[in-house]
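[1] how would this look folded up:
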Amino acid sequence: MQPTTTTLHVRAHILRNTSFTNWDAEVRGRWDWHQLMADENYRKGWISFDGVLWHPELKQLFCGLMELEADIFYRFDPASGAFQSLGFREHGSPYDAKFHRSMLLDDDGALFCATSMLHDPDRQAEAPGGRIIHYDPRAHAYRQVAIPIPRQYIQSIALDRRRRLIYGFTYPAEYFFQHDLKTGETRQLAFLGNPNGMCQPHVAVVDRAGWLWGQWGENRAFDDVPCLNLHLFKYHPDEGRIHWLRHTLARPRDGDVGAIDGMCLAPDGNIYIGTKGASLFRLRPEAEQLEYLGRPGPRARMSGMVAGPDGRIYLACGEREECGLYSLDPAHDTLTHHGHIRDEALGASAERIHDLTVTEDLVLYAGENDNHDRSSYLWELRP
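    The predicted structure follows:
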């Protein structure tokens with residue numbers, strides 16, 4: 001599937017603009033969390049936009065950051081171009097270092113968010129664990145819903161609005177849990193990981209029938225050869241059991257393990273999946289049918305995925321000079337490459353995109369993360 005090419009209007013919005021020159025020479029593979037915390041440049045300036053969420057009623061963008069000082073929740077006003085801290089540091093824990101793919105909009109306009117971590121195991125006695133937070137943006141009111149798994153932090157959450165359930169995946173131990181918003185009860189449903197790498201999905205989806213779709217990894221404890229074979233699973237609360245499927249995502253190049261990077265529930269009920277190797281799939285949930293749609297072009301990453309108001313599925317793919325915006329027309333299975341994510345006026349390109357959200361007017365906001373040369377930016381994209 002070869003994409004056609006069009007143009008993309010790009011603008012970067014800068015919350016902080018700290019430069020880093022020592023990542024490769026000093027930090028990477030050498031520093032621990034304590035050294036990062038002791039360095040003011042990293043502690044205050046090394047941020048990522050790990051989550052972005054458009055609020056259609058308020059016409060505001062909510063941003064979940066990675067930030068070592070726990071100031072991780074911001075609002076962005078497109079009309080003024082201004083960022084506002086929402087003061088989360090006062091309501092959380094010093095170890096709440098990010099909202100990692102864990103901001104969801106509820107039907108009443110409130111947000112559910114969950115916190116993840118950056119600290120080392122030597123701080124686990126002080127670090128309570130990832131929190132599910134309820135935030136009412138009209139009243140600017142926070143409420144702690146739960147710490148589902150003590151000492152473990154939350155990488156992503158998914159919401160079943162009809163049954164009032166929040167699903168989550170933890171780190172560093174890879175637990176899959178269910179939290180009942182009606183009763184306040186948390187159930188630890190499964191352990192998904194193995195010693196050889198991350199096995200949980202980067203983000204999960206609840207389909208229209210109430211099935212949660214995710215990914216798990218084989219252990220092969222009998223073998224001395226490291227293995228990272230990943231498969232899909234699905235879970236429905238009415239059954240109360242996990243269906244451990246054998247579906248694997250195609251791995252068209254060496255080093256690609258088929259790990260889920262992005263997932264998106266489309267209006268037609270199908271689920272679109274992007275892998276860390278930048279492969280695109282369509283999952284038909286009722287039939288448990290997985291279809292490989294190809295690779296738009298980049299060699300790596302497809303984390304940002306969102307269904308647009310025009311019926312297209314928008315994909316942020318690639319890293320550095322390959323980082324660009326693509327879209328799939330599901331009705332015709334055609335791909336469009338809208339362009340590279342680069343602000344020519346600044347002379348700056350996105351390192352990679354971690355999350356993507358879209359307005360009703362087809363303006364996309366892309367959260368950049370893991371830039372080791374400078375603070376990450378928020379990117380405004382108009383295809």
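
[2] only C-alpha atoms for contact and neighbour calcs from this point on.
    Noted.

[3] What's the mean pLDDT across the helix or strand where Trp216 lies?
    For Trp216, the host element (DSSP states H and E) is strand 212-217. For strand 212-217, mean pLDDT is 97.

[4] continuing past it, what's the next helix or strand?
    strand 230-236.

[5] Could I get the buried residue list for the helix or strand following that following strand?
    Next helix or strand after strand 230-236 toward the C-terminus (DSSP H and E): strand 241-244. Neighbour-count burial for strand 241-244 flags Ile242 (criterion: 16 or more other Cα atoms under 10 Å).

[6] again, but for stretch 338-350
    Buried, per 16+ other Cα under 10 Å, within stretch 338-350: His338, Gly339, His340, Ile341, Arg342, Asp343, Ser349, Ala350.

[7] what's the answer for stretch 201-217, then?
    Going by neighbour count (16+ other Cα under 10 Å), the buried part of stretch 201-217 is 201-208, 210-217.

[8] Ok, stretch 152-166 next?
    Neighbour counts over stretch 152-166 (16+ other Cα under 10 Å) mark Gln152, Tyr153, Ile154, Gln155, Ser156, Ile157, Ala158, Leu159, Asp160, Leu165, Ile166 as buried.

[9] so for that stretch, what's the average pLDDT?
    Stretch 152-166 comes out at a mean pLDDT of 98.

[10] so how far does it reach from one end to the other?
    With Cα to Cα, to the nearest Å applied, stretch 152-166 spans 16 Å between its terminal residues.

[11] What lies in contact with that stretch?
    With Cα atoms under 8 Å, 6 or more residues apart in numbering as the contact definition, stretch 152-166 has outside contacts at 99-104, 106-107, 114-117, 128-131, 167-173, 178-182, 202-206, 210.

[12] Show residues contacting the strand holding Trp216.
    With contact meaning Cα under 8 Å, 6+ apart, strand 212-217 is reached by 192-194, 199-201, 203-207, 228-236, 260.

[13] Now list the buried members of these.
    192-194, 199-201, 203-207, 228-235, 260.

[14] Among the buried residues of stretch 152-166, which are located in strands?
    Tyr153, Ile154, Gln155, Ser156, Ile157, Ala158, Leu159, Asp160, Leu165, Ile166 (DSSP state E).

[15] Make TSV out of these and add distance to Arg246.
    What follows is these, written out as TSV (distance: Cα to Cα, whole Å):
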residue	distance to Arg246
Tyr153	28
Ile154	25
Gln155	24
Ser156	23
Ile157	23
Ala158	22
Leu159	25
Asp160	24
Leu165	26
Ile166	25
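
[16] Determine which two of those residues are furthest apart.
    Comparing all pairs in those by Cα to Cα, the longest separation belongs to Tyr153 and Asp160, at 20.4 Å.

[17] quick revisit: in helices only, show me the contacts of stretch 152-166.
    Cross-referencing the contacts of stretch 152-166 against helices under DSSP state H gives no overlap.

[18] Please pick the buried ones from the residues you listed.
    99-104, 114-117, 128-131, 167-173, 178-179, 202-206, 210.

[19] which of the buried residues of stretch 201-217 lies closest to Trp244?
    Comparing the buried residues of stretch 201-217 against Trp244 with Cα to Cα picks out Trp216 as the nearest, at 8.1 Å.

[20] Run through the bridge partners of the closest one.
    Beta-bridge partners for Trp216, by DSSP bridges, are His231.
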